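Undergrad: next input, structure requested:
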Amino acid sequence: MELSTMVGVMIDNYQNSLLVVGDRTNSKVISDRLEPFGLPIEMVDENNSSFEGRRRYLKDHSQGLKRLLPIGLRSPKEAYDDYVAIILAERFLKKKD
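TA: A predicted model of the protein is given here:
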């Protein structure tokens, strides 16, 4: 699903007051694509968020003997973007305090 469509669906289904975007890779392009929705866009430090998301994903999805391997030796079976999004949301909320 394209970004604009996905964001439109979320705005229709949830009471959003702003959009949180990581401040690094393609942040300007993404912010420009989100502007038409009319919600404030908050930039959040994205430093090491992919690493943290990968680590959190592997911690949650490792079973059996794989849990004994160091995280650096394990590979995710699927994308872990959802975990990175949660980390960015947590950073935003922490910054807001």
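Undergrad: mean confidence for stretch 45-60?
TA: In this model, stretch 45-60 has a mean pLDDT of 91.
Undergrad: may I see the buried residues of it?
TA: Buried residues in stretch 45-60, defined by neighbour count with 16 or more other CB atoms under 10 Å: 46, 49-50, 52-58. Bear in mind the C-beta positions are built from the backbone N, C-alpha and C, glycine included.
Undergrad: out of the residues you listed, which sit inside helices?
TA: 49-50, 52-58 (DSSP state H).
Undergrad: most remote residue from this protein's center?
TA: Leu65 (28.4 Å; CA atoms, centre = their mean).
Undergrad: and the gap between Gln15 and Ser4?
TA: For Gln15, the distance to Ser4 equals 19 Å [CB to CB, to the nearest Å].
Undergrad: just how off-centre is the biggest helix by length in the chain within its chain?
TA: Criterion DSSP H: the longest helix present in the chain is helix 81-96. The gap between where helix 81-96 is centred and where its chain is centred comes out at 7 Å by CA atoms, centre = their mean, to the nearest Å.
Undergrad: now do stretch 42-49
TA: 9 Å.
Undergrad: who's more crowded, Gln15 and Ser4?
TA: The neighbour comparison of Gln15 against Ser4 (other CB atoms under 10 Å) goes to Ser4, with 12 against 5.
Undergrad: pull the contacting residues for the more buried one.
TA: 33, 36 (CB atoms under 8 Å, 6 or more residues apart in numbering).
Undergrad: swap the cut-off to 7 Å and go again
TA: Listed by CB atoms under 7 Å, 6 or more residues apart in numbering, the contact set of Ser4 reads Arg33.
Undergrad: ok, Arg74 next?
TA: Here Arg74 is in contact with 58, 62, 66 (CB under 7 Å, 6+ apart).
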